[in-house]
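Asks: Sequence and computational prediction follow.
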Amino acid sequence: MTEGGSTSAGASDYFIAGTRFGAPKLAPGLYVVSTPIGNLRDITLRALETLASADQILCEDTRLSARLLDHYGIRTRRAALHEHNERARIEAIAGDIASGKAIALISDAGTPLLSDPGFPLVRALREADLPVFAVPGPSALLGGLAIAGLPTDSFSFIGFLPPRQQARARALEALAGRTETLVFYESPRRLDAALGAMAGAFGETREAVVALELTKRFERSFRGTLGALAERFGAEETRGEAVIMVAGAAEAATPAPADWQAALLEEMESQPLRAAVDAVTARFGLKRKEVYDAALALKTAR
């Protein structure tokens, strides 16, 4: 990295607090670059070098990305890559990389591909055996998890829920029994509806955390039950994109074999074997084959 000296800036230069730095040449490939989710100072030095030295920057929205790139004096050529044109542009981008160009991919904020465009492009490049490099950095997903105080040893990133009420309810119903921490993104205008639906699907007493405007001036987070959070955000206007983290469902205790086998024997005395098996399987949450095998053994022992 070279600093200061000349007053003329090169095509691969960037600036930090008015000081000029030169970025090294990049190897050909696609560089998936994480950018700040709010605070512009969260950019990494490697990200700045990559964006300054790339032959082109693919932006989800060039107008939004201009704020970051102009702030650091990065003059690299920019082009839009979003859900409406991504598939049509893949062949041309792959051709550029194959010919020796280095191309950077950024989203409006955070790490690309996490609820953002980029997956079809990255997949196509991997299938074509073209190089793809990670330039990691800010992520609302990881930032929210780090401050939530919920278990992080196992979690699932769900992203945005369906906006329509019935589809959202079905999606949450399928997640209700999951025992790992669940992480969602949500827009401020749908936050109250999403929390209400979660309270209905997961139970009002399930613990959760809502983080708003992470890394920005008015960053704030709220911890409580889903019922309390739904009530809180249903009564006030919300600003800023939200990260919702929900504690996993409590794991059901495994019943002692003696207990469910005693219940099975009792059921078998009053109804047919298959009906008894179905009743005990549902009552204790067991695998049907296990209960059926036990029923046959009890019947034989009589």
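Replies: That came in fine, so what should we check first? Residues are numbered from 1 along each chain as shown.
Asks: What strand or helix carries E267?
Replies: Assigned by DSSP states H and E, E267 belongs to helix 257-268.
Asks: Next: Y14.
Replies: Take DSSP H and E as the rule and Y14 turns out to sit in strand 13-16.
Asks: Quickly run through the sheet partners of that strand, with directions.
Replies: Sheet pairing here is set by DSSP bridges, and for strand 13-16 it gives strand 19-22 (antiparallel).
Asks: gap between the strand it pairs with and the chain center?
Replies: Here the centre of strand 19-22 is set off from its chain's centre by 34 Å, with CA atoms, centre = their mean, to the nearest Å.
Asks: list the buried ones in the strand holding Y14?
Replies: Under the neighbour-count criterion of 16 or more other CB atoms under 10 Å, strand 13-16 has D13, Y14 buried. To be clear about C-beta, it is placed using only N, CA and C from the backbone, and glycine gets the same treatment.
Asks: Grab the nearest non-local neighbour of P131.
Replies: The spatially closest residue to P131, leaving aside those adjacent along the chain, is G29, at 3.4 Å (CB to CB, 6 or more residues apart in numbering).
Asks: Is the one you found in contact with A104, as I believe?
Replies: No. No contact is recorded between G29 and A104 when judged using CB atoms under 8 Å, the distance being 9.9 Å.
Asks: Low-confidence ranges, the protein, go.
Replies: In the prediction, the chain carries residues with pLDDT under 70 at positions 1-10, 252.
Asks: tell me the domain ranges of it?
Replies: The chain breaks down by automatic domain parsing into domains covering 2-138, 141-246, 257-301.
Asks: contact partners of the helix or strand where M198 lies?
Replies: Applying DSSP H and E as the criterion places M198 in helix 191-202. Here helix 191-202 makes contact (CB atoms under 8 Å, 6 or more residues apart in numbering) with 161, 165, 168-169, 172-173, 175-176, 184, 186, 206, 208, 210, 225-227, 229-230, 233-234, 238, 242, 244, 246, 249.
Asks: run the last query once more with 7 Å
Replies: Outside helix 191-202, the residues that touch it by CB atoms under 7 Å, 6 or more residues apart in numbering are 161, 168-169, 172-173, 176, 186, 226-227, 229-230, 233-234, 238, 242, 244, 246.
Asks: Next SSE downstream of it?
Replies: Following helix 191-202 in sequence, per DSSP H and E, is strand 207-212.
Asks: Can I get the helix or strand just after that next one in PDB? Just the C-alpha atoms.
Replies: As assigned by DSSP H and E, the chain's next helix or strand after strand 207-212 is strand 220-225. Output for strand 220-225, consisting of C-alpha atoms alone and laid out as PDB, is shown next (Å, rounded to 0.1, in the frame of the first residue of the first chain):
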ATOM      1  CA  ARG A 220     -31.300  -0.200  19.600                       C
ATOM      2  CA  SER A 221     -32.400  -3.600  20.600                       C
ATOM      3  CA  PHE A 222     -35.300  -5.000  22.600                       C
ATOM      4  CA  ARG A 223     -35.500  -8.300  24.500                       C
ATOM      5  CA  GLY A 224     -38.600 -10.000  25.800                       C
ATOM      6  CA  THR A 225     -41.300 -12.500  25.000                       C
END
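Asks: What is strand 220-225 packed up against?
Replies: Here strand 220-225 touches strand 207-212, going by 3 or more CB pairs under 7 Å, 6 or more residues apart in numbering; DSSP states H and E.
Asks: Report the inter-axis angle for the strand it packs on versus strand 220-225.
Replies: Put simply, strand 207-212 runs at 160 degrees to strand 220-225, going by axes from the mean of the first three to the mean of the last three CA atoms, to 10 degrees.
Asks: okay, which residue is most central for this protein?
Replies: Most central residue of the chain, judged by C-alpha distance to the mean C-alpha position with CA atoms, centre = their mean, is F157 at 4.0 Å.
Asks: ok, what's across the strand from that residue?
Replies: For F157, the beta-bridge partners under DSSP bridges are V183.
Asks: ok so, going back, got the angle between the helix holding M198 and strand 207-212?
Replies: 160 degrees.
Asks: packing partners for the helix or strand hosting V32?
Replies: Assignment of secondary structure by DSSP H and E places V32 within strand 29-33. If contacts are counted by 3+ CB pairs under 7 Å, 6+ apart, strand 29-33 sits against helix 45-53, strand 102-106, strand 132-135.
Asks: how does it look with 10 Å?
Replies: Taking 3 or more CB pairs under 10 Å, 6 or more residues apart in numbering; DSSP states H and E as the contact definition, the neighbouring helices and strands of strand 29-33 are helix 45-53, strand 56-59, helix 86-98, strand 102-106, helix 119-127, strand 132-135.
Asks: any idea which of those is most buried?
Replies: Ranked by average neighbour count under the criterion mean count of other CB atoms under 10 Å, these are headed by strand 102-106 at a mean of 25.
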